[in-house]
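# Prediction below, plus the sequence it came from.
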Amino acid sequence: MPPTPPRPLLTTEAIASRVSALGTEIATGIPEGQLTVIGVLRGAFIFMADLVRAIPRPLRCDFLGVRSYGDATVSSGIVEITSDLLLPIADEHVLLVEDIVDTGLTLQYLKEILVARHPRSLRICALLSKPSRRRVDVKVDFIGFEIPDQFVVGYGLDAAQQHRALPYIGLVADGDPK
Ligand code: IMP
Ligand code: MG
């Protein structure tokens, strides 16, 4: 039997409409000056691609590769940088773009790393947030959607590297690998 497709939680249309609104919020919420948008790989790659096109102001794009999960669904709290930024960010307005904030451990760690490079300002945008799972109090400036404590896939997010290309955000069927 073919695997059951993930059950939709957020449709393509709902995501597109929220991303468009976020782009406007970000463009007006970050002070004038050079803006560098940093996507956290790999989960944020699709969100980042749509988001930067929704921010109506000049910006630079860069990426941080991190590994926090392996194939498990519980944050280890240990985050490894697998690929660093190419651009210097000192004196730049920086927007860090994440797919999802769960415990907050990944963001807390990335924030420390970026602050040490002396950006002019640092804001954080996450498409999704699971507030009930938070273990550290990290401020997320722009949030797409708050969702319940359920494992989601699609629109860049994976379960054991599967489902990233799904055009919506869904819940994997019980029994499928997470
Ligand atoms: P945190 O350190 O616990 O906040 O974990 C953040 C990272 O865990 C995210 O950037 C995702 O890569 C991953 N993650 C957390 N929840 C989910 C989920 O529901 N689906 C897919 N990945 C998730
Ligand atoms: Mg991530």
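Cool, the structure landed. Numbering: from 1, shown residues only. Ligands and ions are numbered 1, 2, ... in the order given.
# Please tell me how far the residue found closest to residue 133 once you drop the neighbours it is linked to in the chain sits from ligand 1.
Using C-beta to C-beta, 6 or more residues apart in numbering and skipping residues adjacent in sequence, the residue nearest residue 133 is residue 102, 5.0 Å away. All C-beta atoms are positioned from the backbone trio N, CA, C, and that covers glycine. Distance, residue 102 to ligand 1, using C-beta to the nearest ligand atom, to the nearest Å: 3 Å.
# Next: residue 131.
In terms of C-beta to the nearest ligand atom, residue 131 sits 11 Å off from ligand 1.
# Dig out what the nearest residue to that residue once chain neighbours are set aside forms beta bridges with.
Leaving aside its chain neighbours, residue 131 sits nearest to residue 146 (5.8 Å; criterion: C-beta to C-beta, 6+ apart). With DSSP bridges applied, residue 146 shows beta-bridge pairing to residue 129.
# Please read off the pLDDT at residue 146 from the model.
Looking at residue 146, its pLDDT stands at 98.
# who does the helix or strand hosting residue 9 pair up with?
Assigned by DSSP states H and E, residue 9 falls within strand 7-10. Strand 7-10 has these partner strands in its sheet, going by DSSP bridges: strand 169-171 (antiparallel).
# neighbours around residue 139, how many?
Around residue 139 there are 9 other residues, counting by other C-beta atoms under 10 Å.
# What residues does it make contact with?
residue 124 (C-beta atoms under 8 Å, 6 or more residues apart in numbering).
# tell me the secondary structure for it?
Per DSSP: H, G, I helix; E, B strand; the rest coil, the secondary structure class of residue 139 is coil.
# Likewise for the one 5 residues further on?
Three states are possible here, and by three-state DSSP the one that applies to residue 144 is strand.
# how about the residues of the chain that lie near ligand 1?
Along the chain, the residues adjacent to ligand 1 under the rule C-beta under 6 Å from any ligand atom are 43, 68-69, 75, 98-106, 151-153, 157.
# One more pass at 8 Å, please.
40, 43-44, 66, 68-69, 73, 75, 77, 79, 98-109, 128, 130, 133-135, 150-153, 157-159 (C-beta under 8 Å from any ligand atom).
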